[in-house]
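Enquirer: predicted model and sequence below, questions to follow.
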Amino acid sequence: MCKHNPKNDGRRIDPCMRSCVRCLNDYGIKTLACCCGHGKHPMTIVIDVSKRIDKVIPLEIFSGIFLDRRKRFYLKQKDGTYMIPESEGGEL
């Protein structure tokens with residue numbers, strides 16, 4: 001887990017999640033969204049389970065929940081952190 005940093009130098013992936021996302025991508029699993037939770041929310045990783053280029057089927061891997069949205073997965077909280085509200089998340 002890393003601390004929330006509102007000025008993250010343009011990084012789009014939490015530093016503590018980069019190796020996990022890289023590993024998934026190396027195995028051909030397309031990652032759509034991820035967040036470590038920053039100690040306030042469950043860890044989440046959303047992947048595309050569709051085998052087609054023209055279709056996206058988002059699945060949060062820890063909870064096994066399929067998400068209805070195809071983009072804009074995050075909900076911004078009052079404290080500046082983000083979360084994926086449908087997800088129950090998990091831990092690595």
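Expert: Ah, there it is. Residues are numbered from 1 along each chain as shown.
Enquirer: what's the least confident helix or strand in the chain by mean pLDDT in contact with?
Expert: Sorting the helices and strands of the chain by mean pLDDT, DSSP states H and E puts strand 82-83 at the bottom, at a mean of 76. Contacts to strand 82-83, defined as CB atoms under 8 Å, 6 or more residues apart in numbering, come from residues Cys35, Gly37, Lys40, His41, Thr44, Tyr74, Leu75, Lys76, Gln77. Yep, even glycine has a C-beta here, placed from its N, CA and C like the rest.
Enquirer: do that again at 10 Å, thanks
Expert: Judged by CB atoms under 10 Å, 6 or more residues apart in numbering, the contacts made with strand 82-83 from elsewhere in the structure are 4, 14, 33, 35, 37-38, 40-42, 44, 73-77, 89.
Enquirer: would you list every one of the helices in this protein?
Expert: Counting by DSSP state H, one finds helices in the chain at the ranges 18-26.
Enquirer: in it, which spans are strands?
Expert: Under the criterion DSSP state E, the chain carries strands at the ranges 31-35, 44-48, 58-60, 65-66, 75-76, 82-83.
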